[in-house]
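[1] My questions concern the predicted model and sequence given below.
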Number of protein chains: 2
Amino acid sequence: MYVAIYEDLSARIAAGELAAEARLPSEHAIAEQFGVSRMTVRQALDKLVDEGVLLRRRGAGTFVGSERTRYRRQNRLASFGAEIGADDELETQVLQIRAVVPDDQVREELQLRAGAQAVEVRRLRRLPGGPVSLQTSWVPYALASSLPRHGLVGGSLYRTLREEHQVELRWAEQAVSASAADEEAARLLEVPLHAPLLEIRRTAHVETNAPAEYARSLTRPEFPLWMRLQA
Amino acid sequence: MYVAIYEDLSARIAAGELAAEARLPSEHAIAEQFGVSRMTVRQALDKLVDEGVLLRRRGAGTFVGSERTRYRRQNRLASFGAEIGADDELETQVLQIRAVVPDDQVREELQLRAGAQAVEVRRLRRLPGGPVSLQTSWVPYALASSLPRHGLVGGSLYRTLREEHQVELRWAEQAVSASAADEEAARLLEVPLHAPLLEIRRTAHVETNAPAEYARSLTRPEFPLWMRLQA
DNA sequence: GAGTGGTCTAGACCACATG
DNA sequence: ATGTGGTCTAGACCACTCA
């Protein structure tokens, strides 16, 4: 039920029915409107506040965040397109999909036995203006053995895992740093050799907390990563 | 009351009394132990799960996260020392504190009137092994007019704002990217000219959602930023 | 089958912001 | 003075995990 309230409010904000800075009905009023208790409403609002879509002000009300604040759903495990706020225009060039015996760091992150295989997916993500990000992902072979044969659905690894392999990713931890473009990255991302790039190493997990994807990505610095911090 | 439970559990995990991978008592049991309802316990556990300290597995129990997962309290607005997990050893070299009329981007982020002043704080953060990060912060002059005279408490801007100016920061949004070291950054951070650096631009807010700090930092790539993503 | 976390109810009192 | 969000109660039923 709280998911239904969450989706209803999300849709109304996305549609502009609830504009930026607008005040929402009070939690009591929303509860009555949906015929649920206030704790259930709060569960939906908590999620939207966490994403930066809503702001709460004690004694005053709950407000829709500014355009900029809510444009990017922050700290969410989403497709890369949604992450940079350009899901529609993003193109994916699949460079390679193959089964490999991964290196030690990948093996450890995916908790694979020595010699166990993983599927390696290398992609270049592009916008009309040019290349954006070079991404390499590894998925345990046992989870997605048909990936090399069947390829990606719509260029999205997460969508493919969900729809073709019944693998639903729930949370991830990632390390964000910077690195200099090597020859391959410079060529594919169309930047000078040794140019600074945003480097992300991510381990994503399914609901049982088992790791299901390890990824390394290099992104042009014009596409920063937005995040939200709580005290 | 949920804060008390949160702090009790945090302390027991930090002290090693609850080791990594250990299972916590059930939510019902914790509620009885503290004499509160289960919803209150969940409020405390939610916060720890959000930080990556605890992991929940439906039907099985709540577990302390692995050393690595819980070492860094992720997505939290904390002092830089706590952020990189080396609060004790971090040294702060204050390069400059002065009142300035900031540039347009800073003025807009802090929602200052044209010509209004801000206090600029420039710091170099160091560990025993060498420099780590070069940080410039701006705070509206009205919030901290005595900062240039009195300086920082223990090298920490957030602590100074809290203790000397009654300014408590509650949340922030930040853009994370990469940039090449200019001459000054290269000299202070002891890296080659044009070396890749992690660049963060952060706007921090008080409880009323008014902006109270804008900061730009450049960090050596050996000190990545860790974050946690939820589906 | 027993115990766990996930969700929900139908209230309540409080501190706080605003008119 | 009114209404808001912040917190809390004392239950409940469910799906799920695991012995």
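    Received, thanks.
[2] Over to residue A:186. Which of the three states is it?
    Here residue A:186 is recorded as helix under DSSP: H, G, I helix; E, B strand; the rest coil.
[3] How about the contacts made by it?
    A:192-195 (CB atoms under 8 Å, 6 or more residues apart in numbering or on different chains). In short, each C-beta sits where N, CA and C put it, glycine included.
[4] Try it again at 7 Å.
    By CB atoms under 7 Å, 6 or more residues apart in numbering or on different chains, the residues touching residue A:186 are A:192-193, A:195.
[5] Kindly indicate which of those lies nearest DNA strand D.
    The closest of the contacts of residue A:186 to DNA strand D turns out to be residue A:195 (CB to the nearest atom of the strand; 43.5 Å).
[6] Tell me the one of the contacts of residue A:186 nearest residue B:73?
    Residue B:73 has its nearest neighbour among these in residue A:195, at 32.6 Å by CB to CB.
[7] and the residue most central in space within chain A, helix, strand or coil?
    Most central in chain A under CA atoms, centre = their mean is residue A:78, positioned 2.3 Å from the mean C-alpha point. Classification of residue A:78 using three-state DSSP returns coil.
[8] how much space between it and DNA strand C?
    19 Å (CB to the nearest atom of the strand, to the nearest Å).
[9] What of residue A:186?
    Distance from residue A:186 to DNA strand C, by CB to the nearest atom of the strand: 44 Å.
[10] one step back: save the contacts of residue A:186 as CSV, and put in neighbour count and secondary structure too.
    Formatted as CSV, those follow (neighbours: other CB atoms under 10 Å in any protein chain shown; DSSP: H, G, I helix; E, B strand; the rest coil):
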residue, neighbour count, secondary structure
A:192, 11, coil
A:193, 11, coil
A:195, 18, coil
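[11] And the residues you listed, which is closest to DNA strand C?
    Among those, and counting by CB to the nearest atom of the strand, the member closest to DNA strand C is residue A:195, at 43.1 Å.
[12] Contact partners for that closest one?
    By CB under 7 Å, 6+ apart, the contact set of residue A:195 is A:180-181, A:186.
[13] which residues touch residue A:79?
    By CB under 7 Å, 6+ apart, the neighbours of residue A:79 are A:87, A:156, A:158-159.
[14] quick revisit: pLDDT score for the residue nearest to the centre of chain A?
    On pLDDT, residue A:78 comes in at 81.
[15] Next up, phi/psi of it, please.
    With angles defined as degrees, to the nearest 10, residue A:78 sits at phi -130, psi 170.
[16] Then the one 5 residues further on?
    The phi and psi values for residue A:83, taken as degrees, to the nearest 10, are phi -60, psi -40.
[17] Tell me how far it lies from residue A:76.
    8 Å (CB to CB, to the nearest Å).
[18] of those two, who's got more company?
    Set residue A:83 next to residue A:76 and count neighbours by other CB atoms under 10 Å in any protein chain shown: residue A:83 wins out with 21 against 17.
[19] Next up, the contacts around that one.
    So residue A:83 contacts nothing (CB under 7 Å, 6+ apart).
[20] and if you look at residue A:63?
    So residue A:63 contacts A:21-23, A:54-55, A:57 (CB under 7 Å, 6+ apart).
[21] out of those residues, which are inside strands?
    If you go by DSSP state E, these have A:54-55, A:57 in strands.
[22] ok, the contacts of residue A:186 vs residue A:17, which is closest?
    residue A:195 (43.2 Å).
[23] about what we covered before: would you convert the contacts of residue A:186 into a markdown table that also reports distance to residue B:96 and pLDDT?
    As requested, these are exported to a markdown table (distance: CB to CB, whole Å; pLDDT from 0 to 100):
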| residue | distance to residue B:96 | pLDDT |
| --- | --- | --- |
| A:192 | 33 | 98 |
| A:193 | 35 | 97 |
| A:195 | 30 | 98 |
